[in-house]
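**Student:** have a look at this prediction, sequence included:
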Amino acid sequence: ETGVTQSPTHLIKTRGQQVTLRCSSQSGHNTVSWYQQALGQGPQFIFQYYREEENGRGNFPPRFSGLQFPNYSSELNVNALELDDSALYLCASSPSATKQGNTEAFFGQGTRLTVV
Amino acid sequence: SQKIEQNSEALNIQEGKTATLTCNYTNYSPAYLQWYRQDPGRGPVFLLLIRENEKEKRKERLKVTFDTTLKQSLFHITASQPADSATYLCAPSSGGSYIPTFGRGTSLIVHP
């Protein structure tokens, strides 16, 4: 098991609602990335945070937003939920500054979000 | 646009054989390429990273090759075991942000 923990593990929300997902990064890691994984697909990059600043963003609308705290934990917020937002949301931390591609990423177990 | 292709059909092999999984990419030149294992309902687990100037990387029963001319990476598991059954994800990283982009993965099923 990695030291990355996510909460909650499962969540059911109604279309139009807002949701906040949380991630505690592994000790010593200052970079956190969030991914969305639909059933049968690979993880899709949402955004990355490095030392509390957004450091890259994938092709997701502005209603997907995030935060990173001084202890490097992170939140993913999704507003105006749509049915297609139903997915496994993964958080990954890494020890490198910005070049996450050249080091391994440590993933949490994910949060399964269902929008009805 | 950048595209990563992994076999969408499951690979079924017999225990003890070598499993070979393929990752093809188009429209970019990754500086690094990572392979991850993912079990159902769990987050991916890092296995190996190979750099563009490396042809081959090994770790125990695992071997990864990286052919930048063919734009392809092969992932091999030798002496496969039923416990190796999982989905394997390929994740190349291009220059700039180096954030890995994941393929959809290939499911490997090792039969006893």
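**Tutor:** Perfect, I can see it now. Numbering: from 1, shown residues only, chains lettered A, B, ... in the order given.

**Student:** what residues does chain A have near chain B?
**Tutor:** Counting by Cβ under 8 Å from any Cβ of the partner chain, the residues of chain A lying close to chain B are A:2, A:4, A:33, A:35, A:40-45, A:48, A:55-56, A:88, A:90, A:92, A:98-110, A:112. In this view, the C-beta of every residue, glycine as well, is placed from N, C-alpha and C.

**Student:** take those and keep only those in strands.
**Tutor:** Judged by DSSP state E, the residues of chain A next to chain B include A:33, A:35, A:44-45, A:48, A:55-56, A:88, A:90, A:92, A:106-107, A:112 as members of strands.

**Student:** if we look at the helix-or-strand element of chain A with minimal mean pLDDT, which residues are touching it?
**Tutor:** Least confident helix or strand, chain A: strand A:53-57 with a mean of 89, by mean pLDDT, DSSP states H and E. By Cβ atoms under 8 Å, 6 or more residues apart in numbering or on different chains, the list of residues contacting strand A:53-57 from outside reads A:Thr31, A:Phe45, A:Ile46, A:Phe47, A:Gln48, A:Tyr49, A:Gly66, A:Gln68, A:Thr98, B:Ser97, B:Ile99.

**Student:** what's the answer for stretch B:47-58, then?
**Tutor:** Surrounding stretch B:47-58, the residues in contact under the criterion Cβ under 8 Å, 6+ apart are A:102-104, B:29-37, B:59, B:62-68, B:73, B:75, B:88.

**Student:** buried ones from those residues, can you make that a ChimeraX selection?
**Tutor:** A single ChimeraX command is used to select the members of these judged buried by 16 or more other Cβ atoms under 10 Å in any protein chain shown:
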select /A:103,104 /B:30,31,32,33,34,35,36,37,62,63,64,65,66,73,75,88
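
**Student:** which of the contacts of stretch B:47-58 fall in strands?
**Tutor:** With strands identified by DSSP E, the entries of the contacts of stretch B:47-58 that belong to them are B:32-37, B:59, B:62-67, B:73, B:75, B:88.

**Student:** if I look at the most centrally placed residue in chain A, how far off is chain B?
**Tutor:** With distances taken as Cα atoms, centre = their mean, A:Trp34 lies nearest the centre of chain A, 2.7 Å away. For A:Trp34, the distance to chain B equals 11 Å [Cβ to the nearest Cβ, to the nearest Å].

**Student:** which residues does that residue contact?
**Tutor:** Residues touching A:Trp34, when contacts are defined by Cβ under 8 Å, 6+ apart, comprise A:Cys23, A:Phe45, A:Ile46, A:Phe47, A:Gln48, A:Gly66, A:Ser74, A:Leu76, A:Tyr89, A:Leu90, A:Cys91, A:Ala92.

**Student:** next one: A:Gln36
**Tutor:** If you count contacts by Cβ under 8 Å, 6+ apart, A:Gln36 has them with A:Pro43, A:Gln44, A:Ile46, A:Phe60, A:Asp85, A:Ala87, A:Leu88, A:Tyr89, A:Leu90.

**Student:** for beta bridges, what are the partners of the closest residue to the third one other than its chain neighbours?
**Tutor:** Leaving aside its sequence neighbours, A:Ile46 sits nearest to A:Trp34 (Cβ to Cβ, 6 or more residues apart in numbering or on different chains; 4.3 Å). In this entry, A:Trp34 is beta-bridged to A:Phe47, A:Cys91, by DSSP bridges.
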